[in-house]
Structures are given as structure tokens and as C-alpha cells.
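In: predicted model follows, preceded by the sequence.
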Amino acid sequence: MPMTERGRAMWRKCLASAFRTALACTIVGAATLYGPQWILRYVAFPAFSYVTVILIITDATLGDTLRGCWLALYATCQSVAPAIITLRLIGPARLTAGTTALAAALAAFVVVLPNGSTHLVAKRIALGQIVLIYVIGYINGAETEPVMHPLRVAASTALGVIACVLALLIPLPRLATCEVKESCKEIGQSLTTRVKLYMKAFCAEDAISAMASVSQARELSHTSSKRYQTLKRYQPSMKWERLPFKIWRWQNVSDNQGEKLQSMEIALRGMEMVLASKSTIPPSLLAGEVKDGIKNMQERVILSIKRVNNTPQPSVTPETDLEKPDECLQTLQEIPGTSQDLPFYFFLFCLRLLETISTAKPEENKAKPEDINKGSVKSKSSRSWISDWDSKKAMPAIKLSLSLGLAIFLGSLYSKPNGYWAGLPVAISFAAAREATFKVANVKAQGTVIGTVYGVMGCFVFQRFLTVRFLSLLPWFIFSSFLSKSRMYGQAGGISAAIGAVLILGRKNFGEPSDFAIDRIVETFIGLSCSIAVELVLQPTRAANVAKLELSRSFHALYECASMFGAKPSKAEIVESQKKLRSHLSALKKSTEEAQAEPSFWFSPFNASCYDKLFKSLCRMADLLQFSGHAIGFLGEQVKGKSPQCKEVLRDVDKDLKSVTQSIGLLAKSFEEVTLLKSLDALEKALVKNGNSSWDIELGKTPNPSFSSPESEPEKIVNTYLQHCRGVADGMFRAEEEREEVKVDKSEVVLSFSALGFCVEKMGKEAREIEEMVKEVVQSENPSSHVNLHEISCKIRSLYK
């Protein structure tokens, strides 16, 4: 079976990453095994040099490595300097298993507590240094030098950092700038190809060929999403490369280029929304001249996308060519009569939106100064040190310090000479965000075991050939790279596997490999068990409950976003509300995946499929609200500076849209309250306790809308809306004609009104689906109860009335 381009790219990436990792480990091994005596005297912990290499160089660029140098220095200042003072005050001879664990736990708490200001790599390096300094000091006792021992740990860290820098420079540097530039190029190519495929599907005469084109575009969309992750991953590293490589100005990439490319995705999602719905386009709308005009518009859009990606000089592609009005759009002079015609108009609206976004100037995307000032005032007021000091933000530091202290204590009791191997897995795998506890512990344990077993086998086969043992690491690093990119193991499993092998194959004089392997596997199991135990005691919240909470927060963000319509907010406030909704949806997706990975035990199973459907529906609802905002923005530009009559008739459309979005907002608010319920039995008990057992269905502070009732069918809603829009558009055009100077672009008005009609119809359908999914979620959590969302909502409101 021939390998696909995606497979070849994966192989190239994994081979390059494995080569850099193997080269860095070879540099460490050559220095510690064959280096001069003065190096061996100061680099007393080559194992931690290897650990530092794995932590920094995994899938890294030169910018990441240069940043890693600074992070390692910062971590050393955090751990080594306080440790020297502590060892001099206590005295290594007085250390016991308990005092060692306590000192390491307190030092770890201080390192982890600054939750957002310290990089994760710096925290992991500092925590690893803390484990080695205190536990090795306890093991050696009075022989430990309070000053030189921590400095030797720092020197071992420095050797790993230097090896990373050299490995990223030989034979040619791997630059984050090049990675970002290549990703932008591929994203631009993907965008143009997807536009062509969507246009081909739109103009196709049969449904089979249309869906084939949509499937191709969807696959390209998945590839682009991974490229956007690459942009997000490497863009912060670019600034570390600008100073040493300032002379290579041709490689500079605009900071907002990736953001602008990603902002075009909304228009492409709208085009896919039309085609995926399999709506039939009336043949009369796709006449010969219209089809030719649409194809010309496609070429203009592709040209504007290429300009964003390649930024040619204006003399090559004049600005006036892109601002020339489209003849096919000028034929659109009337609002469509039925909802069946709306997909055609909405597709053209998305095509027009794509061109508008791609040709927008950078300053157009920036918020106004007064909006920025408002945001800065709010951010300053929320940055109170006292408000930041709460149990929720301090919880990662508390959990890590307890896990580390307990692991060191139990590991030292089991085997004093190997006690630090229980604390190191806890230290170097620290994650500030919540993880799927059992899944992550499982993949770390499996990665450690298979890496250690590979190391033992390598020592057995090549026990007399130390150089060949190093060469045997290369295929293992390739395998570990694939593990890191797999869904089953992820980065935690891949890093554990790489460290497990290199700690055996990259050292000598540490005893029998099989004995060391057994001790290390047992100590690792002790450390991971301590992490799980502390996690369950301090934060016993199930991932399913976290997903439920994120679902409720997503509904609240949807309520706030829908409430923006009709409130005349600023552009910055609209963008901020949409970003907030997107961030909550991302958190919902992450928590849903985490809940799927964790075992249910004696709890009811997690309804993953229903949560996945809710996530997709909420994403589509967020897109529709964003489209509505763009359409209102286009209409606002058309009436800017026009007669008062135009503005007056536009307010009528705002009222129609506000009534729909207000209903969606109220529905989202209701679902927010319903999804926060622990159970229906708990609600009934609360009603009885408050004396509201005889609740009235009419009670409630606000109406409880429902899109499932027959009178609220989306088709009826949109037909009423279209009738109103036709009257509004006629009034707007008539007002301009009376002034004897037509300044309103009728085609823009028609496209915007039609897009709003399409969004109103789709929002009604999505609200219907969301309502059904919420009902299914509540039913799965209360299998023995009859679920009526309207009754539940009324009970909740009567409880708090």
C-alpha cells in the first residue's frame, strides 16, 4: 500500500526529531563517559543531563532551545540557591526520610505556586533538581557538601542544555521561523484548494460529485487544524531567534499572518455548512452568466488569499483590481421569496466575507484605543494579589508538593539508594492543568516499563560495546517520537519511554541493568501511586463532573454572546464575547475527552456521544452568531451617513433578530441552570426543604422558550422574517431613491439580509437539537425519572424566586 503524503511528512518529522534527540544524548554521553576528569568531577549526575535533554529538545526548534537555556537558568536560581541555604542550616548529616520529604515538598510548593508566570519546562527542571539535591543529600549523609552538591546538580543541568543547543545547530539549525513560514504556506494552499472544492461542489449538477468534493475539503480542513496547532506551538519561539538571526530578514514572518489566515476559516465553515446540509440550489439561480460571475469571484478570492500568504508588491497585483465590484453580485436586487433560496445567497455571502477578511488592513482588525483602555482597567482591577490567592489557584502547588513529599518518603523507605527515582517521575511530569489521572498514570507507567525493558535488552546484547549501545538509542527515539504523537500514549508516554531507555543505555557503573530496572519500575510505581492518591483525596471531582460544569459554562457564554445583539455593544466587546465562548467550547472538548479516558468505576457511565453532539451543535451556534454579527456590520456600513429613514427601517430588522437571539439566550440560560443540577431527586428535596413542594408551572421570573413546540418551527420563523426583510429593504431603497442619489449597494443589503435569514433558520434548528441533547443528558443522569425540561426549569426558578 503506497504511503500518503501525510504519512511521509510524519516520518520526516519523527526522524528529524529522533536524530536531534539522539545527537544531544550522544553529546552528553561522550562528555560523561569519555570526557576529561574535570567534567566528570562537576557533572556528577549524567542521568539528569539526559532528563534535561528530553524535557527541552522534544520536538523543539532553535528558538525553543534558546528559551530552554533561559528557563534552565531560571529554574536553577529557584532551586539551587535556596537549597544551598537549607542544607547549610540543617546539615546533610541530620537529614532523615521525613525531613527530606518535608524540605523537598516545601521547596516544590514555592516553585509551583506562581501559576501562570513560570513556564512549565522551568518548573519541571526545578522540581527535578530539588529531588536530586535533597534525596541524594540524604543518601550520602555527612559526605554531602552543602555548596558543591547543589552546584554539581546545576552543572549536570547545564550540560544537558548545552547539548540541546549544539544538537539544534548541527548540521543545520531548525528554526521556528521556518516552521511557521512553512505552516502558513501550507495553510494558504489548503485554503485556496478548499475554496475551489467548495465552488466545484456548489456548481455541481449531481449530489454525488458535490459530496465527494466536500469530503476532500473536509480532509484538508483536518490537516489545516493541525497546522494551526503548529503555528500556535512555534510562534512564541520566533522572538528568541530574531536577535541571533537578524541578518536573515527574508525569513521574517508577520506576527498576525497566522491569525489572519485562521480568521478566514469562519467563511469556509459557512460554505461547508451550506453544502453539508445538502440543500438543493434552484437551477434558475445558477444560470450561465451567474455561474461565470461566481467563478470570476472565486479567482479574486484566491488571489486575495495568495496576497495574504505571499505579500507581493502592489505593483504586481494592483489594489484596484480587488476592489472592482462583482458583476454577479450586482444582479442580486431582491430579497429571496422562500427559505429554499437562502443557501444560495448565504454561500455568496460567505464568499464575499472571505474576500473582505483577506483584503482587510491590519489596523482594521485592531480594537479602538478606548476599548483597549476599558479592557486594561478591567484586567488591572482583576489582578489583585489577594484575589489570586485562593484555594483553586493554589491547588496545583498543594497537590504537587504533597505527591512529591509522599513519593520521596515512601521511595526512600523502600530503597534508600534509589529513593529519588520515586520523586523524579512526579517532578518531571508535572502539569499545571487538570489531566485524566488514571489515563496519564497508566501511559507513564507503560512508557517507563517498555523503555526500561528496551534498555535492559540493549545492555544484554551490546554489553561489551558502549558505542553500539548509544547507536541503539536512535531507533528507540524514533519509536518514542511516534508514541508521543499517538492518541493512545501522547507526550507523557513518549517522554517516559525515551527516558526509561536512555537512563540505562546512556550510563555505566550503576550496577546490574536488570536490578536497576526492577528498582526503577517499583519506584516509579510508588511515585505514580502517590500522585493518584493525592489527586483522589484533594480533588476527587470526576472528569465527567468537570465536563458537566464546562457544559454549563458554555451555555452561560452562549447566553452572553446572544445577549449582545440589540444591546449596541462595541466591536471589541463582541469579539471578546465570541472569544470567551470559543474558549469555553475548547475547554468542553478537552474535559469531554478526559471524561472518556477515565474509568467509571461504580458511577453511571459518561454519555460521551451526547456531549460530542452538544459540542458540535454549540460550535455551529457560535458560528451562526458570528455570521449574524458580520451581516449586521455590513448593513451598518451601508446605512452609515445615509438618511434617517434608512437607519429607522434597519432598526426593525434589529428587533426581529433580537427577538430570536433573545429566545436563544434565554434557552441557553435555562440549560445552564438545568445542567448544573446534581440530580432531580436533589432538586425535589430542596423544594420540600424550602416549602415549595407545590410549585406552579407558571412560576418563574423569565419566560422559558422552547424551539421544540410546533408554533416555533424554524421554517415559519424564517418565512415571517423574510416578509419583514422585504418590506424593510423596499423602504430603505425607496428612501434613497427619494434623495435622487442612490448610495446604498443593493446587492450588499440583499446578501446581508439573506445571510441573516439563513442564520435565523439554522439557529432555530440548532436550538431544537441542543434541547433534545440536553434532555438526553439529563435523562442519562436520572434514568429512573421522567424528564421535562420546562418543568425542571420552572422548579429551579420557583426555588430561587
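Out: Cool, got the structure. Numbers count the residues shown, from 1 in each chain.

In: what is the helix or strand Gly7 falls within packed up against?
Out: Assigned by DSSP states H and E, Gly7 belongs to helix 5-34. In terms of contacts (3 or more Cβ pairs under 8 Å, 6 or more residues apart in numbering; DSSP states H and E), helix 5-34 is packed against helix 37-42, helix 46-57, helix 148-169, helix 466-471, helix 473-484. C-beta: built from backbone N, CA, C; applies to glycine.

In: and the next helix or strand past the longest one?
Out: Reading on from helix 148-169 to the C-terminus, the next helix or strand found by DSSP H and E is helix 176-203.

In: in stretch 618-628, what counts as buried?
Out: Using 16 or more other Cβ atoms under 10 Å as the test for burial, stretch 618-628 gives 618-628.

In: stretch 269-277 now?
Out: Neighbour count says stretch 269-277 has 269-275 buried, by 16+ other Cβ under 10 Å.

In: number of residues surrounding Cys25?
Out: Residues lying near Cys25 (other Cβ atoms under 10 Å) number 27.

In: that one reaches Tyr50, doesn't it?
Out: Yes: with contact defined as Cβ atoms under 8 Å, Cys25 and Tyr50 form a contacting pair (6.1 Å).

In: how much space separates the closest residue in space to Ser484 that isn't next to it in sequence from Met488?
Out: Leaving out its chain neighbours, the residue that sits closest to Ser484 by Cβ to Cβ, 6 or more residues apart in numbering is Gly494, at 2.9 Å. Distance, Gly494 to Met488, by Cβ to Cβ, to the nearest Å: 10 Å.

In: and those two? Which one has more around it.
Out: The neighbour comparison of Gly494 against Met488 (other Cβ under 10 Å) goes to Gly494, with 25 against 9.

In: correct me, but the more buried one touches Thr448?
Out: No: look at Gly494 against Thr448 with Cβ under 8 Å: they stay out of range, at 11.5 Å.

In: mind listing what Pro513 touches?
Out: 455-456, 459-460, 504 (Cβ atoms under 8 Å, 6 or more residues apart in numbering).

In: ok, now Thr280?
Out: Neighbours of Thr280 in contact, by Cβ under 8 Å, 6+ apart: Gln340.

In: now do the phi/psi pair for it.
Out: Torsion angles at Thr280 (phi, psi; degrees, to the nearest 10) stand at phi -80, psi 120.

In: relative to Leu751, how far out is it?
Out: Taking Cβ to Cβ as the measure, Thr280 falls 20 Å from Leu751.

In: in the helix or strand hosting Ala544, what counts as buried?
Out: Using DSSP H and E, Ala544 sits in helix 543-563. Of the residues in helix 543-563, 543-544, 546-563 count as buried by neighbour count, 16+ other Cβ under 10 Å.

In: and Phe266, how many neighbours?
Out: Slight slip there: residue 266 is Ile, not Phe. Other residues close to Ile266 by other Cβ under 10 Å number 18.

In: for it, which non-adjacent residue is closest in space?
Out: Gln626 is the one closest to Ile266 (Cβ to Cβ, 6+ apart), at 5.9 Å.

In: where does that neighbour land on pLDDT?
Out: What the model reports as pLDDT for Gln626 is 89.

In: quick check: it touching Glu265?
Out: No: using Cβ under 8 Å, Gln626 is not in contact with Glu265; the gap is 10.9 Å.

In: and the residue nearest in space to the middle of the chain, how far is that from Ala595?
Out: Of all residues in the chain, the one closest to the mean position by Cα atoms, centre = their mean is Ser586, 6.0 Å from it. Distance of Ser586 to Ala595, computed by Cβ to Cβ: 15 Å.

In: Ala492 now?
Out: In terms of Cβ to Cβ, Ala492 sits 18 Å off from Ala595.

In: name the next helix or strand downstream of the helix holding Ala544, please.
Out: By DSSP H and E, the next helix or strand past helix 543-563 is helix 571-597.

In: contact partners for Leu102?
Out: When contacts are taken as Cβ under 8 Å, 6+ apart, Leu102 is in contact with Gly405.

In: what about the stretch 201-350 of the chain, any weak spots by pLDDT?
Out: 243-256, 282-290, 310-333, 337 (pLDDT under 70).

In: now the helices for it?
Out: Here the stretch 201-350 of the chain has its helices, by DSSP state H, counting those that start in this stretch, at 207-242, 257-263, 265-276, 288-310, 319-323, 327-330, 342-359.

In: now what about stretch 201-218, what contacts it?
Out: Here stretch 201-218 has contacts from 193-194, 197-198, 200, 268, 271-272, 274-276, 278, 281, 286, 291, 294-295, 347, using Cβ under 8 Å, 6+ apart.

In: just the buried ones among those, please.
Out: The buried subset of the contacts of stretch 201-218 - by 16+ other Cβ under 10 Å - is 194, 197-198, 200, 268, 271-272, 274-275, 281, 294, 347.

In: how far away is Trp418 from Val153?
Out: Wrong residue type there; residue 418 is Asn, not Trp. In terms of Cβ to Cβ, Asn418 sits 17 Å off from Val153.

In: who does the host helix or strand of Lys765 touch, helix- and strand-wise?
Out: For Lys765, the host element (DSSP H and E) is helix 746-781. Packing partners of helix 746-781 (3+ Cβ pairs under 8 Å, 6+ apart): helix 327-330, helix 342-359, helix 608-639, helix 644-675, helix 714-738, helix 789-799.

In: residues contacting Phe671?
Out: 552, 555, 770-771, 774, 789.

In: ok, those vs Ala394, which is closest?
Out: Ranked by distance to Ala394 (Cβ to Cβ), the contacts of Phe671 are led by Ser552 at 24.1 Å.

In: show me what contacts that closest one?
Out: Counting by Cβ under 8 Å, 6+ apart, Ser552 touches 671-672, 675-676.

In: out of those residues, which is nearest to Leu473?
Out: Thr675 (49.8 Å).

In: isn't that closest one right up against Arg553?
Out: No: at 9.5 Å, Thr675 and Arg553 do not qualify as touching, with contact defined as Cβ under 8 Å.
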